[in-house]
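*Asks:* predicted structure and sequence below. I'll ask about it afterward.
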Amino acid sequence: MTDATATETRKFEAEVAQVLHLVTHSLYSHKEIFLRELISNASDACDKLRFEAIASPGLLSGDAELHIDVSWDTAARTITIRDTGIGMSRDEVVANIGSIASSGTRRFLETLGSEQKADARLIGQFGVGFYSAFVVADRVTVLTRRAGEAPETGVKWESDGRGEYTLEPATLDQRGTTVVLHLKEGEDEFLDGWKLRALVRKYSDHVAFPIRMPREAPAQEDGDEAEADAAPEWETANDASALWTRPRSEISDEEYQNFYKSLGHDFNDAAAWSHNRVEGSQSFTTLLYLPSQPPFDLMMGGRDERKGLKLYIKRVFIMDAAEELLPHYLRFVRGVVDADDLPLNVSRELLQHNRQLERIRGACVKRVLDLIEKLSRDEPETFAAFIKAFGNTLKEGIVEDAGNRERIAKLLRFASTRGEGEAQTVSLDDYVGRMAEGQDAIWYVTADGYRAAAGSPQLEAFRARGIEVLLMSDRIDEWMLGHLREYAGKPLRHVAKGELPLDEAEKATQAEAAQAAAPLIERIKALLGERVEDVRVSARLTDSPACLALAEYEMAPHLARLLREAGQDVPGSKPVLEVNPRHPLLQKLLGEHDDARAGDLAHLLLEQAELAAGAPLVDPAAFVQRMNRLLAG
């Protein structure tokens, strides 16, 4: 056990030291963001105390008012942010400031380190907002005492941000936390009261606790010691009301955006938002935002990443990231839910089994999908950027949310053979609306990249017939398509799976081609032996010599490869090889009298088809040797 009365010097954990170095050397634009982050932390501390005081009213003894004070001292060149919130114990100081527990920290470091123009849009997203203080300060002092603890249990933390910090006991008469920033040379602009007030109004006007500032700058002229010792006269610098409780007609777009930036620790504007009040047997308010850019840990899957909505009950803060309010596939949404009808002592366990919360969750999902649909109709350019950022996350909803599967599918966008590159995408409605006469299915191909999908030999017959094919190249697509079997009454079919739909004349032509090529097919089967399940004449090919065909429920080769690389146990299967007897390579194989050279040709045909389908080569060295033998003549 550490002696709580001892003064000690500690080193930051390695990742904290990296964060500090990168923050102080890279976040050189929009330096004023430090004030937003520190006030946001102070607001969270007040929120947490208000919640804990529901069960333990004694925590508010001595000072029932929750507020945040921002002051400055021109002579000492300091800025002080003080709150009357929950405060911290010595162990909590070490845990919250001396280390970082976020699963996204490593990604944060990698991103910040690789981006020379990194700025304030990164800070805060990984719980490292406190360290933004070192953007403007060369020394930071923290004085804190946890609510309900004795004055002598206070803690003083101090660091210059260079790798170490000191901890020592402090006797503090008041609960809460005080952060003192000792400004660097050249940062005197933040010692201006007008400047600080403007920043509070810009970034923190929505904070639901009074942010107080002195009426006059506290720095005094020499000889005015008596006046300097007088307590400052405080005035509230922010609106100090929860923004979501105000009528929409009274809130400007700028206020909505500033609230989002503080809420989501984002420097970019939100793409869209929805603010609604539901009255009736169950009353609640929702304010939901769609970000314009994804957080860097969105697809990482860490269980302690920041996601979910802020939950309030009757304006009392309950939970910072209530994941129960939205399904996982909508984890990018930021916002607030304020309910009137949930018990104030609600816990995560109770949330998981609360019928009232289920109704709120359903309303939130509907609002979000409505918002995305409206964006797609009214602001196509903004929607295109949004779906590029969050489309893959939405695809998870096809699997997770069967009740909204059709609505989600309607929002997705895919590249297609009608487009001019990966950036030009179509909706499923677009596709269905221009289906060829007599076409009864939505055709698609999957691959592990756009070029691989667009160049797939399995598309040749479809192109020749003028049938559009969707090009799906995201890793999540195969998993999603296992659950999206149809759309608008049309089945979705993979171009490589099953038999192609042929009319009677085409069937007759195909049968004749198969009969004519029977000797060639038998020879290839004999040459490949156990390497293949079957060899047959293809109706899919017009230009390429060969391709793989898949059974109706068989996994695509590229997905099987990815799963094996991830350590998954994927059952093996022999491929079915389809060939184009009219191709010169097949004609050459038919006329080849040397069985060794014919064997090389047959194996190369199979391996080319496997490579085009995204499957790994069983024996790359043998493939190279075969190719060299044939090239050498």
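*Replies:* Received, thanks.
*Asks:* quick one: the strands in the stretch 301-450 of the chain?
*Replies:* Chain-ordered strands for the stretch 301-450 of the chain, with DSSP state E, counting those that start in this stretch as the definition, fall at 309-313, 316-322, 334-339, 414-416, 425-426, 442-446.
*Asks:* please convert those to a markdown table, extending it with distance to G529, mean pLDDT and mean neighbour count.
*Replies:* C-beta here means a position set from N, CA and C on the backbone, and glycine is covered the same way. Supplementary listing: the strands of the stretch 301-450 of the chain in a markdown table, determined by distance: least, CB to CB, whole Å; pLDDT from 0 to 100; neighbours: other CB atoms under 10 Å:
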| stretch | distance to G529 | mean pLDDT | mean neighbour count |
| --- | --- | --- | --- |
| strand 309-313 | 60 | 85 | 23 |
| strand 316-322 | 58 | 74 | 18 |
| strand 334-339 | 59 | 92 | 24 |
| strand 414-416 | 38 | 95 | 21 |
| strand 425-426 | 43 | 94 | 18 |
| strand 442-446 | 29 | 94 | 22 |
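*Asks:* can you add distance to A566 and give the ones you listed back as a markdown table?
*Replies:* Compiled in a markdown table, the strands of the stretch 301-450 of the chain are given as follows (distance: least, CB to CB, whole Å):
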| stretch | distance to A566 |
| --- | --- |
| strand 309-313 | 31 |
| strand 316-322 | 28 |
| strand 334-339 | 30 |
| strand 414-416 | 24 |
| strand 425-426 | 27 |
| strand 442-446 | 17 |
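*Asks:* just the helices in the stretch 151-300 of the chain please.
*Replies:* Counting by DSSP state H, counting those that start in this stretch, the stretch 151-300 of the chain has helices at residues 193-204, 225-229, 253-264.
*Asks:* identify the bridge partners of the spatially closest residue to P232 that is not a sequence neighbour.
*Replies:* Closest residue to P232 in three dimensions, ignoring its sequence neighbours and counting by CB to CB, 6 or more residues apart in numbering: P214, at 3.9 Å. Partner residues in beta bridges with P214: W234, with DSSP bridges as the criterion.
*Asks:* correct me if wrong: P214 contacts T80.
*Replies:* No. With contacts counted by CB atoms under 8 Å, P214 stays clear of T80, the gap being 10.5 Å.
*Asks:* before we move on, back to that, between the strands of the stretch 301-450 of the chain, which one is nearest to E406?
*Replies:* Using CB to CB as the measure, strand 442-446 is the one of the strands of the stretch 301-450 of the chain that comes nearest E406, at 13.4 Å.
*Asks:* distance from the chain centre to that closest one, please.
*Replies:* In terms of CA atoms, centre = their mean, to the nearest Å, the centre of strand 442-446 is set 27 Å apart from its chain centre.
*Asks:* could I get the pLDDT score of the residue nearest to P232?
*Replies:* Per-residue pLDDT puts P214 at 95.
*Asks:* tally of neighbours for it?
*Replies:* 17 (other CB atoms under 10 Å).
*Asks:* what residue ranges in the protein score low on pLDDT?
*Replies:* Under the criterion pLDDT under 70, the flagged ranges of the chain are 1-5, 14-15, 17-19, 21-30, 98-128, 216-231, 295-307, 343-353.
*Asks:* domain ranges for it?
*Replies:* Taking automatic domain parsing as the reference, the chain has its domains at 8-239, 245-378, 413-494, 504-631.
*Asks:* mind putting those in JSON lines, distance to A384 included?
*Replies:* Formatted as JSON lines, the entries for those read as follows, by distance: least, CB to CB, whole Å:
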{"stretch": "domain 8-239", "distance to A384": "21"}
{"stretch": "domain 245-378", "distance to A384": "9"}
{"stretch": "domain 413-494", "distance to A384": "8"}
{"stretch": "domain 504-631", "distance to A384": "27"}
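*Asks:* and the ones you listed: which comes nearest N404?
*Replies:* domain 245-378 (6.4 Å).
*Asks:* quick one, strands of the stretch 1-150 of the chain?
*Replies:* Ranges of strands in the stretch 1-150 of the chain, per DSSP E, counting those that start in this stretch, are 8-11, 68-73, 78-83, 137-145.
*Asks:* report all helices and strands that the third one contacts.
*Replies:* So that's strand 78-83. Helices and strands touching strand 78-83, as assessed by 3 or more CB pairs under 8 Å, 6 or more residues apart in numbering; DSSP states H and E, comprise helix 33-55, strand 68-73, strand 176-183.
*Asks:* again, 10 Å this time
*Replies:* Taking 3 or more CB pairs under 10 Å, 6 or more residues apart in numbering; DSSP states H and E as the contact definition, the neighbouring helices and strands of strand 78-83 are helix 33-55, strand 68-73, strand 137-145, strand 176-183, strand 211-214.
*Asks:* cool, and the longest one?
*Replies:* Judged by 3+ CB pairs under 10 Å, 6+ apart, strand 137-145 is in contact with helix 33-55, strand 78-83, helix 90-97, strand 154-159, strand 164-170, strand 176-183.
*Asks:* count of neighbours near E512?
*Replies:* Using other CB under 10 Å, E512 is surrounded by 11 other residues.
*Asks:* show me which residues of the helix or strand where it lies are buried.
*Replies:* Here E512 is covered by helix 504-516, with elements defined by DSSP states H and E. In terms of neighbour count (16 or more other CB atoms under 10 Å), helix 504-516 has its buried residues at 510, 513.
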